[in-house]
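Colleague: model this:
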Amino acid sequence: MQRVRNIGIMAHIDAGKTTVTERLLFITHKTHKMGEVHDGEAVMDWMVQERERGITITSAVTTFEWKDGSDDYEVHLIDTPGHVDFTIEVSRSLRVLDGAVAVFDAVAGVEPQSETVWRQANQYKVPRLGFVNKMDRVGADFQRCLHMMEQRFGEHCAPAQLPIGAEGDFRGIVDLVAMKALAWSDPNNPESVSEIPIPPEMADDVAAAREVLLERIALADEDFAMQYLEDSDALELETIHAAIRKATCANLLVPVLCGAALRNKGLQPLLDAVVRWLPSPTDVPPIEGTNPNTGEPATRAHDPKAPLAAIAYKVSMMDDGRRMVFLRLYSGVLTAGAELLNPELGIKEKISRIFMMHAKDRTRVDRVEAGNIFGVLGLKKTRTGDTLCAPEAPIVLESINAYEPVISQSVEPETMRERDKLSESLGKLADEDPTFRWREDEATGQTIISGMGELHLDILTDRLRREFGVPVRVGQPQVVYHETITGGAEAEETFDRSADGDSIFGQVAIKVKPADRGAGNLIRWAFPHGGQPTPSWFSAELKHAITEGIDNQLRSGAVQGDPLQDVIVTVTNVGWKDGMTKVIGWSIAASQAMRKALSAAKPVLLVPIANVEISTPPEHTGEIIGSLNQRRGRVESMEEVSRSHTTIKAIAPIDRLFGYTTELRSLSQGRASFTMTFSHYDVA
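Modeller: The predicted structure follows:
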């Protein structure tokens, strides 16, 4: 297991993640042809929609080997999407990875989604390397990109390499650890690399950058600091590598490398850094969870001899309709035919087949050991984020965060004969994608699908037509609104009637008031009054019924029936009538009192607000700011990153940003791009 690396490639869209992955597959002889994203031939972008659009939509896993000195390493790599609409793919991949490579565009530097994936990696405490890509492009600036990383992520980002040249003159790198220079002579041949003398004009910059690297390592490692202070010139190469590895695995250092993946420069040193500095499964602390039977904390060491524990991080439908579940095995050994416990669902499921994956291609194996990432068939009900474990040693591991959808639209089959097929297909898509929701609207009978953005829903409807063979018509996208209240109100309702010979009674008084924005809903109990002891008739069942009645109204507001948020509800009194045993009356009374109070509490509509970041040439900033103002946006800041690149940061209502990509291209002659991330809900 010391020779295994589980890594991911993460970045902003168009930073070159998939191109980096394709080159790594080629130089490790996993593939024999370099697939190009712009030609729609990338191995890892295997979906039709990915090849047509030139973007990554779904995370794809592959395995290859790399030799460093006399040691052979096995690398499991996940290529993740860069578009914010598919951020769940990044989150669930990082959940099961031991390390990551963050790719940055040398021209644009740290972009919005770069910051998003960085925060996701922080959440799961994933050690990472930085790789500044596209050093051969006009406007490439390694030092500016490094400075942006230090500003936004911290000074633990330190250069491990310096580029030799930039833009059209970029030809190689200087290794600040080994103090040697490498140059690539043929842009079409990644193996045309040779060692050259460090250019004399770079001597001062190299010496200064090496000192920065050694100082950052010393800050993270006391033992190394002592050796560094005694005699920095006497440090052995292996000592420096060991210290970098220790600091990187502890998330106290992010070594930053550089290259140009499209021109095949800088990739061998990147792979060397992956196997030398990123952790193996044995370097990661034991995975933590809880015992579902006792609720006590439980751990599993990364050891094939420990009881089996795995997490399902992704569900995917195969071409033949079968359900493939991707697993990360933390401990134990899994064999085909094994029966595992899913403690969260309380069921046992049987593994029928095990596959090692290479994008959409798969190789069947009979057993896998701890530390591997792979796909299995046979799991009928296991969902994304579920734990699978040995039945005799149950454990529940931390699940995977889902994201609430912010955009909805209607979808309907072109013929009524396809209605059942549409429902079945939507169910399969929802099984795959935790950020996708669908429902039947009770008022209109329409099928409503909800997702993370316009592109997300566009891809899903395209898949309905192509993969599932369901011709559909779609309505205009609509945002998911919420509601809140801006004032306080009180109400008391009594429900008293007979039905089928039974007398049903309930009496509830409540008070509502607004909470701080983003605080969520809160139910409080001021009953009984004056610190009196709780009446014997006020049972847990009765309290649950009242809570249920309140919750029902919080899901359906007074303005247009949208869910309410940031409301404090206080139950001030509960009436009782002797002989009553059915608690449904109190649930109805609570619901009626809530409806009356909410209507009187000045309810308002809340719209989802997005953080918008636009990258544009400076000459188009005036028109773009004008267009944002027309869409009720507010510019927060503007930064001139370089002579050819200005970044505009703004906030705007999401419902005003539909179709903005087309308008932005028109305003900037196709040269500007923008990203949108959900920020918060605010008053319309």
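
Colleague: quick one, strands of the stretch 151-300 of the chain?
Modeller: 157-159, 161-164, 172-175, 180-184, 193-196, 254-258, 287-290, 297-300 (DSSP state E, counting those that start in this stretch).

Colleague: in a strand, that's where residue 364 is, yeah?
Modeller: Yes. Assessed by DSSP: H, G, I helix; E, B strand; the rest coil, residue 364 belongs to a strand.

Colleague: residue closest to the middle of this protein?
Modeller: Per CA atoms, centre = their mean, the C-alpha nearest to the average position across the chain is that of residue 91, at 2.8 Å.

Colleague: now the helices for the stretch 201-350 of the chain?
Modeller: Under the criterion DSSP state H, counting those that start in this stretch, the stretch 201-350 of the chain contains helices at 203-220, 222-230, 237-249, 267-277.

Colleague: state the mean pLDDT of the last one.
Modeller: Going back to what we said before, that points to helix 267-277. Average pLDDT, helix 267-277: 94.

Colleague: and the third one, by the same measure?
Modeller: The average of the pLDDT scores along helix 237-249 is 93.

Colleague: helices along the stretch 401-550 of the chain, start to end?
Modeller: With helices called from DSSP H, counting those that start in this stretch, the stretch 401-550 of the chain shows them at 419-432, 454-466, 540-554.

Colleague: circling back to that earlier point, rebuild the helices of the stretch 201-350 of the chain as TSV, extending it with mean neighbour count.
Modeller: For every residue, glycine as well, the C-beta is placed using N, CA and C. Converted to TSV, those look like this (neighbours: other CB atoms under 10 Å):
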stretch	mean neighbour count
helix 203-220	16
helix 222-230	14
helix 237-249	18
helix 267-277	22
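
Colleague: re the thing from before, pick the most deeply packed of the strands of the stretch 151-300 of the chain.
Modeller: Among the strands of the stretch 151-300 of the chain, the stretch with the highest mean neighbour count (mean count of other CB atoms under 10 Å) is strand 254-258, at a mean of 26.

Colleague: pull the CA atoms of it into CSV?
Modeller: Extracted in CSV, the C-alpha atoms of strand 254-258 (Å, rounded to 0.1, in the frame of the first residue of the first chain):
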residue,chain,number,x,y,z
VAL,A,254,1.6,23.0,-1.0
PRO,A,255,4.5,22.6,-3.4
VAL,A,256,3.8,24.5,-6.7
LEU,A,257,5.1,23.2,-10.1
CYS,A,258,4.7,24.4,-13.6
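
Colleague: who does it touch, helix- and strand-wise?
Modeller: Taking 3 or more CB pairs under 8 Å, 6 or more residues apart in numbering; DSSP states H and E as contact, the helices and strands that strand 254-258 lies on are strand 128-133, helix 142-153, strand 157-159, strand 161-164, helix 237-249, helix 267-277.

Colleague: so for residue 643, what's the pLDDT?
Modeller: The model reports residue 643 with a pLDDT of 68.

Colleague: on that earlier part again, excluding sequence neighbours, find me the nearest residue to the residue nearest to the centre of the chain.
Modeller: Nearest residue to residue 91, sequence neighbours excluded (CB to CB, 6 or more residues apart in numbering): residue 120, at 5.3 Å.

Colleague: list the buried residues of whatever helix or strand the one you found lives in.
Modeller: In this assignment (DSSP states H and E), residue 120 forms part of helix 112-123. With burial defined by 16 or more other CB atoms under 10 Å, the residues of helix 112-123 counted as buried are 112, 113, 114, 116, 117, 118, 120, 121.

Colleague: could you dump the residues you listed into CSV and include pLDDT?
Modeller: Shown next, in CSV, are the buried residues of helix 112-123 (pLDDT from 0 to 100):
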residue, pLDDT
112, 72
113, 75
114, 83
116, 79
117, 85
118, 88
120, 84
121, 89
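
Colleague: pick the one among those closest to residue 98.
Modeller: Within these, proximity to residue 98 (CB to CB) peaks at residue 121, which comes in at 11.5 Å.

Colleague: where's the closest one relative to residue 127, distance?
Modeller: Distance of residue 121 to residue 127, computed by CB to CB, to the nearest Å: 9 Å.

Colleague: what touches both of the two?
Modeller: Common contacts of residue 121 and residue 127 (CB atoms under 8 Å, 6 or more residues apart in numbering): residue 100.

Colleague: might you list the low-confidence residue ranges for the protein?
Modeller: Applying pLDDT under 70 to the chain flags the ranges 33-58, 82-85, 402, 442-444, 529-532, 642-644, 670.

Colleague: surely residue 410 is in contact with residue 450?
Modeller: No. Applying CB atoms under 8 Å, one finds residue 410 not in contact with residue 450, separated by 10.7 Å.

Colleague: which one of those two is surrounded by more residues?
Modeller: Between residue 410 and residue 450, counting by other CB atoms under 10 Å, residue 450 is the more crowded of the two (21 against 17).

Colleague: which residue, other than its chain neighbours, is closest to that one?
Modeller: Once flanking residues are discounted, residue 450 sits nearest to residue 405: 3.8 Å by CB to CB, 6+ apart.

Colleague: number of nearby residues for the closest residue to residue 186 other than its chain neighbours?
Modeller: With sequence-adjacent residues excluded and distances taken as CB to CB, 6+ apart, residue 186 is closest to residue 192, at 3.8 Å. Neighbour count for residue 192, taken as other CB under 10 Å: 13.

Colleague: my guess is residue 192 contacts residue 171, does it?
Modeller: No. Counting by CB under 8 Å, residue 192 stays clear of residue 171, with 10.9 Å between them.

Colleague: residue 631 is nearest to which of the strands of the stretch 151-300 of the chain?
Modeller: Set against residue 631 and scored by CB to CB, these come closest in strand 157-159, at 35.3 Å.

Colleague: all helices for the stretch 1-150 of the chain, in order.
Modeller: Under DSSP H, counting those that start in this stretch, the stretch 1-150 of the chain gives helices at 17-27, 48-53, 87-96, 112-123, 142-153.

Colleague: can you list those in a markdown table and add distance to residue 466?
Modeller: Below are the helices of the stretch 1-150 of the chain laid out as a markdown table (distance: least, CB to CB, whole Å):
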| stretch | distance to residue 466 |
| --- | --- |
| helix 17-27 | 21 |
| helix 48-53 | 6 |
| helix 87-96 | 20 |
| helix 112-123 | 27 |
| helix 142-153 | 39 |
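
Colleague: quick revisit: of the helices and strands packed on strand 254-258, which is nearest residue 382?
Modeller: Nearest to residue 382 among those is strand 128-133 (28.9 Å), distances taken as CB to CB.

Colleague: and that closest one, C-alpha only, in PDB?
Modeller: Listed next in PDB are the C-alpha coordinates belonging to strand 128-133 (Å, rounded to 0.1, in the frame of the first residue of the first chain):
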ATOM      1  CA  ARG A 128      -2.400  18.700  -2.600                       C
ATOM      2  CA  LEU A 129       0.200  20.000  -5.200                       C
ATOM      3  CA  GLY A 130      -0.200  23.000  -7.300                       C
ATOM      4  CA  PHE A 131       0.500  22.900 -11.100                       C
ATOM      5  CA  VAL A 132       0.600  26.100 -13.000                       C
ATOM      6  CA  ASN A 133      -0.400  25.000 -16.600                       C
END
